[in-house]
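Participant: task: produce atomic coordinates for the following.
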Amino acid sequence: MHYLIQGATAVFGHAESVTDIRIANGIITEVGTGLSLQPGEQVLNAVDCVVYPGFVNTHHHLAQSVLKAVPEGMNQGLADWLMNVPYRFWPHIDPDLMYASALLGFYELLRSGTSTCADHHYLYHQDTPVELEDALWQAARDIGIRFTLCRGGATITGSHKGMQKAKLNPESLEQMLARLERSVSRYHQDNAQAMQRVIVAPTSLIHGAAPDHLIELARFARANKLRLHSHLLEVGFDEQQAQLKYGKSAVAYAESVEWLGPDVYFAHLVQATSDDIEQLAKTGTGISHCPTSNCRLGSGIAALIAMQNAGMPISVGVDGSASSENASMLQELNLAWLIHRSQHGPDATQVEQVISWGTRGGAEILGLNNVGEISVGMAADLTLFDISGLRYAGIHSALHAPLMAGEPAHVKYGIIDGKLRTHQGEVIGLDESQLKESIIKGLHRLKQKITD
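Facilitator: Numbers count the residues shown, from 1 in each chain. Model (predicted):
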């Protein structure tokens with residue numbers, strides 16, 4: 001389908017006079033004012049709409065979409081929360097519930113203006129069925145979102161308290177590599193606007209793999225032109241264990257096992273020191289900033305302004321809904337805009353900068369070089385936020401309205417790869433009642449397994 005977006009109130013990255021965008025074959029082919037309708041095009045009326053690039057979520061845990069507000073972990077920090085929430089439930093999640101959980105996560109993302117999701121999926125052990133991972137790929141195809149699987153897992157139980165409590169045998173290195181090869185051969189697309197990608201992403205750099213295993217995984221990734229991702233320095237325990245086990249800082253340890261570089265990014269980095277930031281920036285290593293989850297678990301606030309000033313690549317992720325109760329990139333970006341001002345003053349963040357973190361910044365970190373920007377030749381991933389509602393009536397800057405006002409937002413049109421995926425706030429092709437019923441039945445099965 002070819003589209004002509006007409007009459008937008010504002011278009012991110014362009015002058016106030018720009019109102020129209022032409023899309024053909026999944027690509028933005030023209031941006032301007034007063035563009036005329038061509039044969040075969042369908043008009044999308046953008047009056048009272050602000051157009052942003054689709055948000056790029058660089059760190060999610062889709063399996064947690066059905067683990068929101070679990071009472072046992074409501075007021076716990078990361079270590080205890082991991083034991084009592086995700087690692088308590090995840091060994092018992094079946095492929096059907098995984099599929100439904102992924103759809104729910106994608107539904108939340110699309111309704112908040114997101115077009116790309118990188119899911120850090122770590123539900124792997126020696127006996128994990130391949131159907132569990134396949135359910136994620138199927139859900140992504142069915143919903144039409146641009147999807148990157150950050151393939152997690154562990155090869156040792158190590159000092160990871162959640163893994164210890166789950167009492168499951170982790171994968172061997174050979175098993176992880178063989179399964180990675182399957183995922184890459186079946187799903188990975190190596191192009192600048194791929195709809196499907198694989199990233200090598202052991203769950204925890206410090207706690208879930210031996211040093212020689214991490215080196216093997218890094219070399220596997222680079223031999224296959226894959227990117228690398230993991231959790232690091234979400235809390236101080238990472239640094240303590242790195243010093244205890246390896247006699248060096250967590251970031252120095254990452255460097256020693258070949259896990260720094262422009263093809264690497266870490267989630268959180270809340271406890272990164274100025275020396276850490278200098279080394280991360282020097283090597284081009286990036287961050288997925290997850291402020292809502294970091295606040296919810298009491299982990300702290302990443303030094304994002306120092307990271308940006310040092311030259312680190314910056315992106316934003318929603319993390320898992322078990323530690324944020326939601327998967328809204330708009331909320332995440334709104335909080336990112338606000339929280340650093342609370343620490344560094346009112347000029348610490350600008351709206352345009354934060355939108356770039358959540359769009360082009362994320363796309364570059366994922367290696368999607370034709371994604372995340374509204375310009376000719378780029379992938380047609382666009383969100384048209386409707387700002388005609390009463391809550392926006394007093395806003396003087398239309399361009400800034402969606403991010404500054406935050407949720408609830410109304411997406412009039414969500415376009416991914418040139419295809420209409422959201423219309424008038426509804427995700428096209430998704431039966432909400434049926435999905436809710438599937439989740440309720442799946443949670444009933446899950447709770448029975450936990451009880452038995």
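Participant: how does this protein divide up, domain by domain?
Facilitator: As given by automatic domain parsing, the domain ranges for the chain are 2-53+371-427, 55-365.
Participant: run the chain-centre distance for the first one.
Facilitator: When C-alpha coordinates are averaged (CA atoms, centre = their mean, to the nearest Å), domain 2-53+371-427 and its chain have centres 22 Å apart.
Participant: show me what the mean pLDDT comes to for it.
Facilitator: Averaged over domain 2-53+371-427, pLDDT sits at 97.
Participant: same question for stretch 184-191.
Facilitator: Stretch 184-191 comes out at a mean pLDDT of 97.
Participant: related to what we said a few turns ago, okay, the domains of the chain, which one's buried deepest?
Facilitator: Among the domains of the chain, domain 55-365 has the highest mean neighbour count (mean count of other CB atoms under 10 Å), at a mean of 21. C-betas here are computed from N, CA, C, even on glycine.
Participant: quick one: residues in contact with stretch 297-314.
Facilitator: Residues from elsewhere that reach stretch 297-314, judged by CB atoms under 8 Å, 6 or more residues apart in numbering: 76-78, 81, 234-235, 262, 265, 268-272, 274, 277-278, 280-281, 284-287, 289, 291, 293-295, 323, 336, 339-340, 343-344, 348-349, 357, 361, 364-365.
Participant: nearest to residue 448, out of the domains of the chain?
Facilitator: Set against residue 448 and scored by CB to CB, those come closest in domain 55-365, at 9.0 Å.
Participant: helices along the stretch 351-452 of the chain, start to end?
Facilitator: Ranges of helices in the stretch 351-452 of the chain, per DSSP state H, counting those that start in this stretch, are 351-356, 362-365, 401-405, 432-451.
Participant: looking at these, which is closest to residue 1?
Facilitator: helix 362-365 (22.8 Å).
Participant: quick one: list the elements packing against the closest one.
Facilitator: In terms of contacts (3 or more CB pairs under 8 Å, 6 or more residues apart in numbering; DSSP states H and E), helix 362-365 is packed against strand 55-61, strand 114-121, strand 286-289, strand 314-316.
Participant: so after the shortest one, what's the next helix or strand?
Facilitator: Yep, that's strand 314-316 we're talking about. Next helix or strand after strand 314-316 toward the C-terminus (DSSP states H and E): strand 319-320.
Participant: partner strands of that next one, parallel or antiparallel?
Facilitator: strand 55-61 (parallel) (DSSP bridges).
Participant: now the angle between strand 114-121 and the strand it pairs with, please.
Facilitator: Taking axes from the mean of the first three to the mean of the last three CA atoms, to 10 degrees, one finds strand 55-61 and strand 114-121 inclined to each other by 20 degrees.
Participant: following strand 55-61, which helix or strand comes up?
Facilitator: Where DSSP H and E defines the elements, the next helix or strand beyond strand 55-61 is helix 78-84.
Participant: helices or strands up against the next helix-or-strand element following that following helix?
Facilitator: As assigned by DSSP H and E, the chain's next helix or strand after helix 78-84 is helix 86-89. In terms of contacts (3+ CB pairs under 8 Å, 6+ apart), helix 86-89 is packed against helix 161-166, helix 432-451.
Participant: out of the ones you listed, nearest to residue 41?
Facilitator: helix 432-451 (30.3 Å).
Participant: who's in contact with that closest one?
Facilitator: With contacts defined as CB under 8 Å, 6+ apart, helix 432-451 is touched by 66, 88-89, 92-94, 96-97, 100-101, 103-104, 107.
Participant: rewinding a little: adding distance to residue 447, write the domains of the chain out as a markdown table.
Facilitator: Converted to a markdown table, those look like this (distance: least, CB to CB, whole Å):
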| stretch | distance to residue 447 |
| --- | --- |
| domain 2-53+371-427 | 27 |
| domain 55-365 | 9 |
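Participant: circling back to that earlier point, export the helices of the stretch 351-452 of the chain to a markdown table and tack on distance to residue 315?
Facilitator: Below are the helices of the stretch 351-452 of the chain laid out as a markdown table (distance: least, CB to CB, whole Å):
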| stretch | distance to residue 315 |
| --- | --- |
| helix 351-356 | 10 |
| helix 362-365 | 4 |
| helix 401-405 | 16 |
| helix 432-451 | 28 |
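Participant: closest one to residue 139 among those helices?
Facilitator: Closest among these, using CB to CB: helix 432-451, at 10.4 Å.
Participant: pLDDT (mean, whole number) over that closest one?
Facilitator: 94.
Participant: same question for stretch 211-230.
Facilitator: Here stretch 211-230 scores 98 as its mean pLDDT.
Participant: how about that stretch as PDB, C-alpha atoms only?
Facilitator: C-alpha atoms of stretch 211-230 as PDB (Å, rounded to 0.1, in the frame of the first residue of the first chain):
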ATOM      1  CA  PRO A 211      34.700 -15.900  31.300                       C
ATOM      2  CA  ASP A 212      35.800 -18.300  28.600                       C
ATOM      3  CA  HIS A 213      32.100 -18.800  27.700                       C
ATOM      4  CA  LEU A 214      31.600 -15.000  27.300                       C
ATOM      5  CA  ILE A 215      34.600 -14.900  25.000                       C
ATOM      6  CA  GLU A 216      33.200 -17.700  22.900                       C
ATOM      7  CA  LEU A 217      29.800 -16.000  22.700                       C
ATOM      8  CA  ALA A 218      31.400 -12.700  21.700                       C
ATOM      9  CA  ARG A 219      33.400 -14.300  19.000                       C
ATOM     10  CA  PHE A 220      30.400 -16.200  17.700                       C
ATOM     11  CA  ALA A 221      28.500 -12.900  17.600                       C
ATOM     12  CA  ARG A 222      31.100 -11.100  15.600                       C
ATOM     13  CA  ALA A 223      31.800 -14.000  13.300                       C
ATOM     14  CA  ASN A 224      28.100 -13.900  12.400                       C
ATOM     15  CA  LYS A 225      27.900 -10.100  12.300                       C
ATOM     16  CA  LEU A 226      25.500 -10.000  15.300                       C
ATOM     17  CA  ARG A 227      25.300  -7.400  18.000                       C
ATOM     18  CA  LEU A 228      25.900  -8.100  21.800                       C
ATOM     19  CA  HIS A 229      23.800  -7.200  24.800                       C
ATOM     20  CA  SER A 230      23.400  -8.000  28.500                       C
END
